[in-house]
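>>> prediction below, plus the sequence it came from.
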Amino acid sequence: MAEQCKGKRLARYVPDYVVFDLETTGMSVQNDDIIEISAIKVEGGKVIDTYSTLVNPGRKIPYYATAVNGITDEMVSDAPALEEALGGFLEFAGNHVLVGHNIQSFDLNFIYDAAMNLWGLIIDNDFIDTLPMSRSCLPQLRHHKLVDLAKHFQISSEGAHRALNDCMMNQKCYEELAKLQVDVKMEVCPKCGGELKKRNGKFGEFYGCSNFPNCRFTKNIGR
């Protein structure tokens, strides 16, 4: 699977990045398809450009997918195929750090597999996932969906579950989380920039990099 070739998940805020979001026909990377790709390019914390396109999956969109995102077969009938839509997104994103909500286990996997299947291309952009960022900065929240974050920060969630609207929502949430992150005690890997997590080993607790096995840095507790 191409998803095994992910870039590094970074722990700390970066001011230049591309927020992206996908809508798909379902939750399975193996069996479902991308039907919308949107992205926002940010420099110095300010939005400078956007990219958004529907994608024709070449199949009927299941009713349950339409019930979530409102995208119908008619809407994608004249949309570009995945090769054109994904190519446009990758050109737009370049080598920027990618930011998104729950992208490590969902959106990135669709991107990785599609790029590998279409062109044999490995996408290795570093990324920041606002889901674990939210859990770290806002442990008091019962739920950490994007709409929960938006509600907490009093950001409008109107139009949620359409890719560009979710990008706009998450970009604002990411900037707000960054303000909170300053006060969160976090051990950061000096090799890759990922978060160091406490783990138990043969000789007791130690810090291990969250990007394991790609990064195998460890640190003894108390050093």
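Perfect, thanks for sending it.
>>> biggest helix in the protein by residues?
helix 163-181 (DSSP state H).
>>> just checking, what packs against the following helix or strand past that helix?
Going down the chain from helix 163-181, the next helix or strand is strand 196-201, by DSSP states H and E. Strand 196-201 is packed against strand 204-209, with contacts defined by 3 or more Cβ pairs under 8 Å, 6 or more residues apart in numbering; DSSP states H and E. All C-beta atoms are positioned from the backbone trio N, CA, C, and that covers glycine.
>>> report the angle between the strand it packs on and strand 196-201.
140 degrees (axes from the mean of the first three to the mean of the last three Cα atoms, to 10 degrees).
>>> strand partners of the following helix or strand past strand 204-209, parallel vs antiparallel please.
Sequence order places strand 218-220 as the next helix or strand after strand 204-209, per DSSP H and E. When sheet partners are counted by DSSP bridges, strand 218-220 sits next to strand 204-209 (antiparallel).
>>> and stretch 29-48, how far out from the chain's middle?
8 Å (Cα atoms, centre = their mean, to the nearest Å).
>>> alpha carbons of that stretch, as CSV, please.
Coordinates of the C-alpha atoms in stretch 29-48 are reproduced here as CSV (Å, rounded to 0.1, in the frame of the first residue of the first chain):
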residue,chain,number,x,y,z
VAL,A,29,-9.6,3.2,0.6
GLN,A,30,-9.7,-0.1,-1.3
ASN,A,31,-13.4,0.0,-2.4
ASP,A,32,-14.4,3.7,-2.5
ASP,A,33,-13.5,6.7,-4.7
ILE,A,34,-12.8,10.4,-4.3
ILE,A,35,-15.6,12.7,-5.5
GLU,A,36,-14.3,16.1,-4.4
ILE,A,37,-10.9,17.6,-3.6
SER,A,38,-10.4,21.0,-2.1
ALA,A,39,-7.4,22.9,-0.7
ILE,A,40,-6.4,26.2,0.7
LYS,A,41,-2.9,27.6,0.5
VAL,A,42,-1.7,29.6,3.5
GLU,A,43,1.5,31.7,3.9
GLY,A,44,2.3,33.4,7.2
GLY,A,45,-1.1,32.3,8.5
LYS,A,46,-2.9,34.1,5.7
VAL,A,47,-5.0,32.5,2.9
ILE,A,48,-3.5,33.3,-0.5
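>>> buried residues in it, which are they?
Within stretch 29-48, the residues that qualify as buried are V29, D32, D33, I34, I35, E36, I37, S38, A39, I40, K41, V42, counting by 16 or more other Cβ atoms under 10 Å.
>>> same check on stretch 74-83?
V76, A79, P80, L82.
>>> can you map out the helices along this structure?
Using DSSP H, the helices of the chain run over residues 63-69, 73-76, 82-93, 108-119, 130-137, 146-152, 163-181.
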